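[1] Next one to model:
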Amino acid sequence: SLIAQADFAQGLSALVTTFGVGELSAINAIAGAYSEYVPIVHIVGMPSTGAQKDGLLLHHTLGNGNYDVFVDMFRPVSCAVANLKDPNTAAAEIDHVIRECYIQSRPVYIGLPCDIVEDMIEGERLAQPIDLSYPANPEEQEDHVVDVVLKYLHAAKNPVILVDGCAIRHRAQKETHDLVVKSGLPTFVAPLGKGCVDETLPNYGGVYAGDGSNEGVRDRVESSDLVLSIGAIKSDFNTAGFTFRQSQLTTIDFHSNYIQVRYSQYPGVRMNGVLRKVVDKMGKLNIEAGPKPTNRTNSQESTQVITQKYFWPRLGQWLREHDIVLTETGTANFGIWETRFPAHVQLISQVLWGSIGYATGSAQGASLAAKELEEEKGEKHRTILLTGDGSFQLTAQEVSTMIRRKLKPIIFLIQNDGYTIERMIHGMNAEYNDVQEWKYKDLVPAFGAKEGEYKTYTIKTREELDTLMADDNFNAAPYLQFVEMYMPKEDAPEALKLTASAAERRNAKVQG
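    This is a model prediction of the structure:
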């Protein structure tokens, strides 16, 4: 949930756990944050320095007197670690890891022994804010890279822009937006980059994910003679099973710590400054239009069954500006590719780490952040969770926290009889992909929600879905709302089918 708060606010969130059992319960979340470039300050309450020094056999330990074993587990998934032992150096260590957390956009670890919590330290440094500015690029190097980029950009006949996840994670949204608007070039997003680009812009062309791309997108991107690739993360799910077909000879990569122009790499040159100067110096470009995605549904179908192909474009018709959308690992992560967003919609997903059950806890965190923004700034953000029945069963208790915090998410639970994504990869009818069917919407009152402070729905037809999405009270999100929505067991977004098929072939090859 804290990951979602940090993701939404693009600031830092703090996670406080106890030593041993507490921190290990969070290591999956911290590893996911490391993988997905999400900045979390993880503070661990540790036994006293004396107990650690003497190797006392305390509860929550391994019984061998080793108090460094858990911090050592976290080092590979933390960009900086401060295992505090000395009050004289604690303040400097804390400031250092907080800065690294922000600059690298990854988790950090602070071990805080209970006996030094109240120790007095020099407080003058509190008057000086921590410097969270990015190190400036070497000017001469930056200017050279900008000139090289502009040379290829102006020579290109049909260039395009492709935006991916690290444009969001490393806070390059403003530079990216200005480049998209000023250039007018056809602009596409990879799945992890969805939400970074204003999808109402006339030059927005849809999602590029190799064979899983939106209609017309793959041909336009792969026929381009120059792709400006911003913040690429070329993982399997983000590329629909590694089906990207981009030549490095026609690609310029912009990253947080280097720029690569074709096969020439410029280490230590950050994309933010380069993109800003490219925008400022850019002249008239050659533009060949790209496809125009819509949220059209197939009105010719006579069925009332809610299919994946029907639902995701229909969702795009219903969404509003400033919504926060969370998609679970599974059909939702792939189906959302077919949803064109209104302006200022933020998508929170976990395409790379892919920990099933992630989205429900994240919805709690995003809802809490949205509530605080509304209370402090008057900003209204609906929080919309899209999850599957199997995934929901792993973290369903977070609904209890939503109720306790008086949060108001809209939860769409896709009831499709188990782990559809796993069925697509391996075992369509395997028992291990089945789940016990719960009375899902009955969990809301079971968790203690009071009458009049929530509402639940069961949706089985397109007509019922359309009626619900036209309901003014439902759209206003005045309280927690839970929608149990039925979809066919063997139905999945086309992009998921393609990706799952590639994964199955790859796994079979490895086993062979």
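[2] Please tell me how far the closest residue to residue 152 other than its chain neighbours sits from residue 248.
    Closest residue to residue 152 apart from its sequence neighbours, by CB to CB, 6 or more residues apart in numbering: residue 226 at 6.0 Å. The C-beta positions use only the backbone N, C-alpha and C, and glycine is treated the same way. Distance, residue 226 to residue 248, by CB to CB, to the nearest Å: 12 Å.
[3] can you map out the helices along the stretch 151-300 of the chain?
    In the stretch 151-300 of the chain, the helices defined using DSSP state H, counting those that start in this stretch lie at 165-169, 173-183, 217-222, 271-281.
[4] Among the ones you listed, show me which one is buried the most.
    helix 165-169 (a mean of 25; mean count of other CB atoms under 10 Å).
[5] what's the model's confidence in that one, averaged?
    On average, the pLDDT along helix 165-169 is 95.
[6] next one: stretch 147-159
    Across stretch 147-159, the average pLDDT comes to 97.
[7] ok, and for that stretch, which residues are buried?
    Going by neighbour count (16 or more other CB atoms under 10 Å), the buried part of stretch 147-159 is 148, 149, 150, 152, 153, 156, 158, 159.
[8] who's sitting farthest from the centroid in the protein?
    residue 54 (42.9 Å; CA atoms, centre = their mean).
[9] ok, that one to residue 71 distance?
    Residue 54 is 18 Å from residue 71, by CB to CB.
[10] from what I can see the residue nearest to residue 152 touches residue 150, true?
    No: judged on CB atoms under 8 Å, residue 226 makes no contact with residue 150 at a distance of 11.5 Å.
[11] Figure out the length between the terminal residues of stretch 123-131.
    End-to-end distance of stretch 123-131 (CA to CA, to the nearest Å): 17 Å.
[12] which among the buried residues of stretch 147-159 gets closest to residue 167?
    Of all the buried residues of stretch 147-159, residue 167 sits closest to residue 149, with 15.7 Å by CB to CB.
[13] count of residues packed around the closest residue to residue 52 other than its chain neighbours?
    Using CB to CB, 6+ apart and skipping residues adjacent in sequence, the residue nearest residue 52 is residue 67, 4.2 Å away. The number of residues packed near residue 67 is 23, by other CB atoms under 10 Å.
[14] which residues does residue 67 contact?
    Residues near residue 67 by CB atoms under 8 Å, 6 or more residues apart in numbering: 46, 47, 51, 52, 55, 61.
[15] try 10 Å this time
    For residue 67, the contact set (CB atoms under 10 Å, 6 or more residues apart in numbering) comprises 19-20, 46-47, 49, 51-53, 55-56, 58, 61, 83, 111, 113.
[16] what do you get for residue 52?
    Contacts of residue 52 by CB under 10 Å, 6+ apart are 19, 46, 58, 61, 65-68, 83, 85, 111, 113, 115.
[17] Spatially, which two of these are the most separated?
    Greatest spacing in the contacts of residue 52, by CB to CB: 66 and 115 (19.1 Å).
[18] Same drill for those two, tell me which one is more crowded.
    residue 115 (15 against 12).
[19] Now that one. Nearest residue, chain neighbours left out?
    Here the residue nearest residue 115, using CB to CB, 6+ apart, is residue 48, at 3.9 Å.
[20] gap between the helix or strand hosting residue 100 and the chain center?
    For residue 100, the element it lies in under DSSP states H and E is helix 87-104. Relative to its parent chain, helix 87-104 has a centroid offset of 25 Å by CA atoms, centre = their mean, to the nearest Å.
[21] next SSE after the longest helix belonging to the chain?
    Secondary structure of the chain per DSSP state H: the longest helix is helix 358-377. Helices and strands here follow DSSP H and E; after helix 358-377, the next one along the chain is strand 383-388.
[22] For that following strand, which strands pair with it and how are they oriented?
    strand 324-327 (parallel), strand 410-415 (parallel) (DSSP bridges).
[23] right, so those strands: which one is the most enclosed?
    With a mean of 26, the top stretch among the strands paired with strand 383-388 by mean neighbour count (mean count of other CB under 10 Å) is strand 324-327.
[24] what about residue 236, how many residues close to it?
    16.
[25] Leaving out the residues flanking it, which one is nearest to it?
    Nearest one to residue 236, counting by CB to CB, 6+ apart, is residue 242 at 5.9 Å.
[26] dump the residue contacts of that neighbour.
    Contacts were defined as CB under 10 Å, 6+ apart; by that measure residue 242 touches 210, 211, 234, 235, 236, 499, 502, 503, 506.
[27] State the number of residues packed around the residue found closest to the third one once you drop the neighbours it is linked to in the chain.
    Taking CB to CB, 6+ apart as the measure, residue 234 lies nearest to residue 244, with 6.3 Å between them; neighbours along the chain are not counted. By other CB under 10 Å, the residues close to residue 244 number 21.
[28] quick one: terminal-to-terminal distance for stretch 176-195?
    12 Å.
[29] Equivalent analysis for stretch 338-350, please.
    Termini of stretch 338-350 sit 17 Å apart (CA to CA).
[30] in that stretch, what counts as buried?
    338, 339, 340, 341, 342, 345, 346, 347, 348, 349, 350.
[31] next one: that stretch to chain centre, how far?
    Centroid displacement of stretch 338-350 relative to its chain, using CA atoms, centre = their mean, is 11 Å.
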